[in-house]
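Chemist: can you look at this prediction? I've put the sequence above it.
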Amino acid sequence: MNIISWPEGSTLVFVNFLLIVMSLLQKKQNAARGKVNSVHEGVIDNMALKFEPPDPMKNSWEAFSFIIHISSTSMEFPIAMAFDMIKIAFNNPMIDNKEEKQLSADRDRKICSLSVIHQADKILRKIVGYELEKRHKENFTHENTNQLFRKISEARFKLLKDMKSGDLSVPEDIQLKIKKQDENGLKELEKWLQNLFLEECPL
């Protein structure tokens, strides 16, 4: 087995031309080989079902994969188009594997962060609603209730703003639990936010 090692920092270009022979042509060519050398048509059908075409969305290195359908034995390979595609690929080299992994990790962190902020917003709304209901039961005056609403709303908006800007970070262990959909993650997030809320807005 030969292993090719690319020097660090080198540019790699990958171009893939996939020639797919149409099923009827495959079977016609197969039959022309005679009974001794031909295969059962079921083999051809099974191979077609198992074939996995390039998936650029899953594998970024397959971005420059081109499928050419062959419908006739007299069909010529589009050489000019192939060279054009190769030129385009050279102008868009693959991202270094380490860089790609870093970009993927950054995307995952961003998605997780947005999810955490969304959950935090829901929890803070719940806290605001709880405090207003509590004061309502204590027969707060309309004026006092309005003052309280402004006070706790400002505290909520400030906490969310700090989280979105990165000035306030949810502990990583809580983020990890939320990402894994651990039910304790939301409980710990709520407890953490309640403590911060009371610090920001003593009631």
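Modeler: Received it, and whenever you're ready, just let me know what you need. It should be emphasised that the depicted structure is a prediction, and the values quoted were computed from it without experimental measurement.
Chemist: now the helices for the chain?
Modeler: Assigned by DSSP state H, the helices in the chain fall at 23-32, 34-37, 41-50, 79-90, 97-137, 142-165, 172-179, 183-200.
Chemist: contacting residues for Met85?
Modeler: For Met85, the contact set (Cβ atoms under 8 Å, 6 or more residues apart in numbering) comprises 15, 17, 64, 66. The C-beta positions use only the backbone N, C-alpha and C, and glycine is treated the same way.
Chemist: out of the helices of the chain, flag the one nearest Ser71.
Modeler: helix 23-32 (6.2 Å; Cβ to Cβ).
Chemist: before we move on, back to that, just the contacts of Met85 now: which is nearest Pro53?
Modeler: The nearest member of the contacts of Met85 to Pro53, counting by Cβ to Cβ, is Phe66 at 10.9 Å.
Chemist: burial count for the closest one?
Modeler: 14 (other Cβ atoms under 10 Å).
Chemist: what do you get for Val39?
Modeler: Close neighbours of Val39, defined as other Cβ under 10 Å, add up to 11.
Chemist: in this structure it contacts Ala31, no?
Modeler: No - applying Cβ atoms under 8 Å as the test, Val39 and Ala31 come out as separate, 10.2 Å apart.
Chemist: in the protein, which helix or strand is least confident?
Modeler: helix 97-137 (a mean of 68; mean pLDDT, DSSP states H and E).
Chemist: where does the chain dip in pLDDT?
Modeler: The model of the chain has pLDDT under 70 over residues 1-12, 57, 60, 93-114, 135-143, 145, 203.
Chemist: now do the nearest residue to Ser71 once chain neighbours are set aside against Ile70, distance only.
Modeler: Closest residue in space to Ser71, ignoring its immediate chain neighbours: Met22 at 4.8 Å, by Cβ to Cβ, 6 or more residues apart in numbering. Met22 sits 7 Å away from Ile70, going by Cβ to Cβ, to the nearest Å.
Chemist: ok, residues contacting stretch 121-137?
Modeler: So stretch 121-137 is in contact with 144-145, 148-149, 152-153, 156, 159-160, 186, 189-190, 193-194, 197, 203, going by Cβ under 8 Å, 6+ apart.
Chemist: if we go to 10 Å?
Modeler: Contacts to stretch 121-137, defined as Cβ atoms under 10 Å, 6 or more residues apart in numbering, come from residues 140-141, 144-145, 148-149, 151-153, 155-157, 159-160, 163-164, 186, 189-194, 196-198, 201, 203.
Chemist: just stretch 151-163 next, same as before
Modeler: Residues from elsewhere that reach stretch 151-163 (Cβ under 10 Å, 6+ apart): 113, 116-117, 120-121, 123-125, 127-132, 135, 167-170, 193, 196-203.
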